[in-house]
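Enquirer: here is my input, please return the structure:
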Amino acid sequence: MTTKSRQNTHSSFLANTIPNPRERKSILLYLTGSILLAGAGILLISAYRDLLMGMDEDSYEELLEQFGSVARIVYFAVLSIFPVFLLMKWKGLKEIRLRNIEFKRIIQFTGKLLRKWHVPLALLASAVVVLHGGLALARDFHWDFTNTTGILSSIILFFLMIMGFKRFKRKDKSWHLKLAITFTVLFMIHASF
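Expert: Numbering: from 1, shown residues only. Reported below is the predicted structural model:
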């Protein structure tokens, strides 16, 4: 296979998945950055495994929880797109005002901002989840409720990302939303216990 045909195959996959060329380039950049971040993190975990294994239990748990907390905060920002878009569809929204400020304009601006950052933040949070999972698996892994819900959340997250790419052409049949709700419930159960 020649270099040109490889490039055509690669770009046709992206072109078939993400129709907007500018959006396609930016998502490819964010995806590459997230993969590099997760890969570098896994390499660092491997390189400093002895140091990590030498940490006391409480310090290691705190490090693990910090990665999980960062991912959870970013995912809440990512998930906020759904209620904001539902609110934008509400017909009564244009009636709500605070003095001269129309609430609808604020919601529309927020919706545009969330739409722009939804995918980059989701990819970033997913890279952090990979690091969180790598740390959890690296030391004293055992099958308990917390680890099982974490693994289930990660599996759902994988399918959620696949459906996210199908969402660009509206070919996901609402699976992206359904998986997002399932993921949110599972990761909140995971984070709470």
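Enquirer: so what's the most centrally placed residue in the chain up against?
Expert: Residue closest to the mean C-alpha point of the chain, counted by Cα atoms, centre = their mean, is residue 122 at 2.6 Å. Taking Cβ atoms under 8 Å, 6 or more residues apart in numbering, we find residue 122 in contact with 75, 78, 161, 164. C-beta coordinates here come from the backbone N, C-alpha and C atoms, glycine included.
Enquirer: hmm, 7 Å instead?
Expert: Taking Cβ atoms under 7 Å, 6 or more residues apart in numbering as the criterion, residue 122 is in contact with 78, 164.
Enquirer: which parts of the chain are helices?
Expert: 3-17, 21-47, 49-54, 57-79, 81-89, 103-138, 145-167, 175-192 (DSSP state H).
Enquirer: out of these, flag the one nearest residue 96.
Expert: Proximity to residue 96 (Cβ to Cβ) singles out helix 103-138 among the helices of the chain, at 4.1 Å.
Enquirer: average pLDDT for that closest one?
Expert: When pLDDT is averaged over helix 103-138, the result is 94.
Enquirer: as a quick check, tell me the outermost residue of this structure.
Expert: The chain, farthest from centre, Cα atoms, centre = their mean: residue 99 at 37.3 Å.
Enquirer: that one and residue 46, how far apart?
Expert: From residue 99 across to residue 46, the span is 58 Å (Cβ to Cβ, to the nearest Å).
Enquirer: shaky segments in the protein?
Expert: Along the chain, the model assigns pLDDT under 70 to residues 1-14.
Enquirer: repeat that for 90
Expert: Low-confidence regions of the chain, defined here as pLDDT under 90, cover residues 1-21, 24, 90-103, 138-141, 165-173, 193.
Enquirer: residues near residue 73, how many?
Expert: Using other Cβ atoms under 10 Å, the number of residues around residue 73 comes to 12.
Enquirer: OK, contacts around it?
Expert: Counting by Cβ under 7 Å, 6+ apart, there are no residues that residue 73 touches.
Enquirer: 10 Å instead?
Expert: When contacts are counted by Cβ atoms under 10 Å, 6 or more residues apart in numbering, residue 73 is found next to 125, 128.
Enquirer: now it: how far from residue 66?
Expert: Distance, residue 73 to residue 66, using Cβ to Cβ: 11 Å.
Enquirer: now the common contact residues for the two.
Expert: Contact criterion Cβ under 10 Å, 6+ apart; residues shared by residue 73 and residue 66: residue 128.
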